[in-house]
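Novice: Sequence first, then the predicted structure:
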Amino acid sequence: DVKVTQSSRYLVKRTGEKVFLECVQDMDHENMFWYRQDPGLGLRLIYFSYDVKMKEKGDIPEGYSVSREKKERFSLILESASTNQTSMYLCASSYPGGGDTQYFGPGTRLTVL
Amino acid sequence: QKEVEQNSGPLSVPEGAIASLNCTYSDRGSQSFFWYRQYSGKSPELIMFIYSNGDKEDGRFTAQLNKASQYVSLLIRDSQPSDSATYLCAVNIFGGGSQGNLIFGKGTKLSVKP
C-alpha cells in the first residue's frame, strides 16, 4: 500500500524561526513534490525533485528551500518563517512509470505567529 | 500559462442523484488526467485516472475524457452524503523538462443533501 508520511500534522512557529517540514515515502518513488494549499488559490507547487540530490523550483519557491539527501526523504525548509507562510503544506510522490499519479501525505497545517 | 479550470461550486445534489463535475485544460499535449477527492482538512486522495478518450468506470465513478475538446469530467452515480468533498482535477504537463508534474484545478465543492 502506498504510504507518504509527514513529520507533523499541526505546527505553530514564530516569525523569523527556521522551520523544517519532513516527508518520507516508502514506495521507492523517484519523484517528490512540495505544495502549499490556501483557500481560493488551490495547490501551488513550491519545489520538486526527480532524484536524490536533485531539486527544481516550482511556481512559488521564494522563502523556501529543500533537501533530498536520501531517495525516500524530501525536506522543506522555511529559512525565516513569516506570517504569509501560514498554510497547509502537502508532500506528494510519484514514479516515472506510474503515469504521473501523485500520492499525497496527510499534510502539515503550519501557523506562523 | 498552462491551466486547469473547474467551477468552484458549491454543487449541491440530492442523495441518490448523479453528480457531474467538469474540468477543462489548456495544454493540448497533456496525456494523463486525474480526479482527486479532498475532504475538509485532509489531503487529496486519488479517485481515478484516465489516459484515453472515452469513458472509464470504477464502481459509482465514471471519468470521461474528450481530448479534442480538452475536457474531462467525473460522474458520481447514486451520490451519498459521504461524497461531500472538494474534487480536484489534475492534468500532467507535457514536455519542457517538467515531466511528472501535474497542474491542479482549484477544485469543485460538492454537497450531497440527505
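Specialist: Nice, I can see it.

Novice: check contacts around the closest residue to chain A within chain B.
Specialist: Closest contact between chain B and chain A, by CB to the nearest CB, is at B:Lys106 (3.7 Å). Where C-beta positions appear, they are placed from N, C-alpha and C, glycine not excepted. Counting by CB atoms under 8 Å, 6 or more residues apart in numbering or on different chains, B:Lys106 touches A:40-42, B:6, B:8, B:88.

Novice: In these, which has the lowest confidence score?
Specialist: Minimum pLDDT across the contacts of B:Lys106 is recorded for B:Ser8, with 86.

Novice: now the strands for chain B?
Specialist: Under the criterion DSSP state E, chain B contains strands at B:4-6, B:11-14, B:19-25, B:33-38, B:45-50, B:54-58, B:61-66, B:71-76, B:85-92, B:102-104, B:108-113.

Novice: now these as JSON lines including distance to A:Ile46 and mean neighbour count?
Specialist: Converted to JSON lines, the strands of chain B look like this (distance: least, CB to CB, whole Å; neighbours: other CB atoms under 10 Å in any protein chain shown):
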{"stretch": "strand B:4-6", "distance to A:Ile46": "18", "mean neighbour count": "20"}
{"stretch": "strand B:11-14", "distance to A:Ile46": "29", "mean neighbour count": "14"}
{"stretch": "strand B:19-25", "distance to A:Ile46": "22", "mean neighbour count": "20"}
{"stretch": "strand B:33-38", "distance to A:Ile46": "18", "mean neighbour count": "24"}
{"stretch": "strand B:45-50", "distance to A:Ile46": "21", "mean neighbour count": "17"}
{"stretch": "strand B:54-58", "distance to A:Ile46": "31", "mean neighbour count": "12"}
{"stretch": "strand B:61-66", "distance to A:Ile46": "28", "mean neighbour count": "18"}
{"stretch": "strand B:71-76", "distance to A:Ile46": "26", "mean neighbour count": "20"}
{"stretch": "strand B:85-92", "distance to A:Ile46": "16", "mean neighbour count": "25"}
{"stretch": "strand B:102-104", "distance to A:Ile46": "13", "mean neighbour count": "23"}
{"stretch": "strand B:108-113", "distance to A:Ile46": "24", "mean neighbour count": "18"}
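
Novice: Export those as JSON lines, with columns for distance to chain A.
Specialist: Supplementary listing: these in JSON lines, determined by distance: least, CB to the nearest CB, whole Å:
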{"stretch": "strand B:4-6", "distance to chain A": "9"}
{"stretch": "strand B:11-14", "distance to chain A": "17"}
{"stretch": "strand B:19-25", "distance to chain A": "12"}
{"stretch": "strand B:33-38", "distance to chain A": "7"}
{"stretch": "strand B:45-50", "distance to chain A": "6"}
{"stretch": "strand B:54-58", "distance to chain A": "13"}
{"stretch": "strand B:61-66", "distance to chain A": "13"}
{"stretch": "strand B:71-76", "distance to chain A": "14"}
{"stretch": "strand B:85-92", "distance to chain A": "4"}
{"stretch": "strand B:102-104", "distance to chain A": "4"}
{"stretch": "strand B:108-113", "distance to chain A": "11"}
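
Novice: Low-confidence ranges, chain A, go.
Specialist: For chain A, residues meeting the criterion pLDDT under 70 lie at A:2.

Novice: Need the outlier residue of chain A, farthest from its centre.
Specialist: A:Gly97 (21.7 Å; CA atoms, centre = their mean).
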